[in-house]
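S.K.: for reference, the sequence and a predicted model appear below.
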Amino acid sequence: MNWKKEQNISPHFVDFGLSATRFGRLAWFQFSPDGKPTFILFKKNQNGEFIKEQELYVDKEEFAKLSNMKDYILEHAQNLAEQQYSGALEKGLTMNQILEQCQDVMDVATQKNRRICATIKRYKMADPNSIYIQLRVFCRKEMEEFKQAISKLILFFPFEVPFDVRKGVAAVSDDMPSTSMAAQSGAEVQVGSGVLPVTEPSNILVSFFEYMSYILNDSKDSAKFANAKLCLIIVTCIVEDQYANSFLHDNSITFKVNLYQPPMRHKKPGVEKSRKSVSLVISLLDLLSTFVSTQLKKSLPYELHAQSLAIIYRIICHQKKNKIRLVGYQWQSLWQALLVFIKFLVSHSSDLIESCDPFSLSSRAVGIFNLFITFGDAFLTDPSSYDELYYEILRMYNVFDDLYTTALQHVRSNGQFNESAARLMHSLTNIRAIIAHFNPRIRTFQELNNLSSLSIDQVLNIVKDNYDTLALRMQESLDQYERYNEKPHQVLFLSNLMRTILHDCRNGLPITSMEQQEILDSFATLADN
């Protein structure tokens, strides 16, 4: 069956799932008996094609029951994150043996020879995120024992659901829009003998990061600035949560995130189309690196840059704490973005001082470098990455020298940001020690070999040969940070944002009932508090 014929038979479907190797589809067929909802699982084979692996029909009553159980299922699954691991399921188990090894079992339909259960089980002892919610179907012939027919993945932790609990049976109707991966790309999914177009699997964070990549590059007016700031607050809360951060770093859960590229002289504006499917944290680092290195102007969006650097700092602290190595990520792109940012702050410090504290921003960027210098062996991919870090610092040593000089002059003149300038000077201690240690050796090598400049490999070799005599200071509490708290810093911003939203709702939406008016009034009370 070809794609167009299947579209005519099944015009309504919702795709879901969080894996680059599989995704699920909930479809309802226009000409199937009673319009039964159908769960379909597609898995990628060795040739990179998505093949239909499992298919399960449920009637509307069964689907309605499953929808109404959603909140209960999710609550129980979240509570399992702290429970003990119960072991993987072996093959050939009976229905009772399988259900006994699941942490929770909820019956969706029980018939004489057919039983459908929603089960919750944690599959990996070391990974609290390995919680699967599965729809299991057990069947039997007359007088025989029940056997498992289908073990269908329908949800994943953190949870994405393919149905709406508020609509119940109404969710399966001709009015529900299709949100198909298959309708949006030129990739292919093999179903039976037909070939369907399909995109890479996606989830809400992919859409959120793509939206952020646009809004962070267009924050000129107050409304867009508020949107950008709210996005960064949300991401800050995400990266401060242990489980959410672990999900972002999971190498087995990858997505292709099409980040917007701002217009630059050497690159055309638009979406970066050549991105690969990577873990979400890599896309987030790319997004933030692009922002801090491109949105540089005299009217600097100080808060947005400060929050972006704070998010990067938290990500690296998480990697250091859990010894996570981002395989495939080029750290040079982050280091070079930070260097561009610092160079801008130094060059425009006299103008920026009138509107913000450039020394505080510089300290945030330098603090990220200090994390790499002090703890890099815990999370950098390999020893060569450490060498490349030192190369970038030595390559741009003038930037750090100028930064220190600018801060020193501000301290001596007893400027308004005297304290933050002094803290910046202290945070530059190890970077200046690296420069002072290696630069004389580089100059000596040039003189001995009569060279005007050195290649990258020559500099890296000098770095490798002189690590042993380098002395650095241990900075206390370097991997600690103050957790986000909306009080007192963000209360005014969030209150004003809620008032703006309420104002837009009252002006843009027709209020047709007292209940709607009461809801708006209750939100207005929250905004005032």
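M.R.: Received, thanks. Numbering: from 1, shown residues only.

S.K.: against which helices or strands is the one helix or strand residue 293 maps to packed?
M.R.: Assignment of secondary structure by DSSP states H and E places residue 293 within helix 280-294. Contacts defined by 3 or more C-beta pairs under 8 Å, 6 or more residues apart in numbering; DSSP states H and E place helix 280-294 against helix 204-215, helix 242-249, helix 302-322, helix 331-347. To be clear about C-beta, it is placed using only N, CA and C from the backbone, and glycine gets the same treatment.

S.K.: and for residue 472, nearest residue in space, chain neighbours not counted?
M.R.: residue 430 (4.8 Å; C-beta to C-beta, 6 or more residues apart in numbering).

S.K.: nope, residue 422 is what I was after
M.R.: residue 411 (5.4 Å).

S.K.: hang on, the one you found is in a helix, isn't it?
M.R.: Yes - membership of residue 411 in a helix is supported by DSSP: H, G, I helix; E, B strand; the rest coil.

S.K.: that one touches residue 423, doesn't it?
M.R.: No - applying C-beta atoms under 8 Å, one finds residue 411 not in contact with residue 423, separated by 10.2 Å.

S.K.: re earlier: how many other residues sit next to the residue nearest to residue 422?
M.R.: Residue 411 is flanked by 18 other residues according to other C-beta atoms under 10 Å.

S.K.: name the SS class of residue 38, please.
M.R.: strand.

S.K.: can you pull the contacts of the residue nearest the centre of the chain?
M.R.: Geometric centre of the chain, nearest residue: residue 280, 4.0 Å, by C-alpha atoms, centre = their mean. Residues near residue 280 by C-beta atoms under 8 Å, 6 or more residues apart in numbering: 205, 206, 209, 247, 248, 253, 255, 257.

S.K.: element containing the spatially closest residue to residue 408 that is not a sequence neighbour, please.
M.R.: Among residues not flanking residue 408 along the chain, residue 425 sits closest, at 6.3 Å (C-beta to C-beta, 6+ apart). For residue 425, the host element (DSSP H and E) is helix 418-427.

S.K.: just checking, next helix/strand downstream of that helix?
M.R.: Next along from helix 418-427, by DSSP H and E: helix 429-448.

S.K.: export that next one to CSV, keeping only CA atoms.
M.R.: Provided in CSV are the C-alpha atoms of helix 429-448 (Å, rounded to 0.1, in the frame of the first residue of the first chain):
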residue,chain,number,x,y,z
THR,A,429,44.7,33.7,38.6
ASN,A,430,45.1,30.2,37.0
ILE,A,431,44.6,31.5,33.4
ARG,A,432,47.4,34.1,33.9
ALA,A,433,49.5,31.3,35.5
ILE,A,434,49.1,29.2,32.4
ILE,A,435,50.0,32.1,30.1
ALA,A,436,53.0,33.0,32.2
HIS,A,437,54.2,29.4,32.2
PHE,A,438,53.9,28.4,28.6
ASN,A,439,54.4,31.7,26.6
PRO,A,440,58.2,32.0,27.5
ARG,A,441,58.7,28.4,26.4
ILE,A,442,56.9,29.0,23.2
ARG,A,443,59.1,32.1,22.5
THR,A,444,62.2,30.1,23.3
PHE,A,445,61.2,27.4,20.9
GLN,A,446,60.7,30.0,18.2
GLU,A,447,64.1,31.6,18.8
LEU,A,448,65.9,28.3,18.8
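
S.K.: how many residues are close by residue 114?
M.R.: Residues lying near residue 114 (other C-beta under 10 Å) number 13.

S.K.: wait, it sits on residue 141?
M.R.: No - at 11.2 Å, residue 114 does not count as touching residue 141 under the criterion of C-beta under 8 Å.

S.K.: before we move on, the earlier item: residues contacting the residue nearest to residue 472?
M.R.: Taking C-beta under 8 Å, 6+ apart as the test, what residue 430 contacts is 370, 373, 374, 472, 473, 475.

S.K.: quick check: the gap between it and residue 436.
M.R.: Residue 430 sits 11 Å away from residue 436, taking C-beta to C-beta, to the nearest Å as the criterion.

S.K.: residue 481 too?
M.R.: 29 Å.

S.K.: specify the beta-bridge partners of the nearest residue to residue 42 once chain neighbours are set aside.
M.R.: Once flanking residues are discounted, residue 42 sits nearest to residue 50: 4.3 Å by C-beta to C-beta, 6+ apart. Here residue 50 sits in beta bridges with residue 44, residue 189, going by DSSP bridges.
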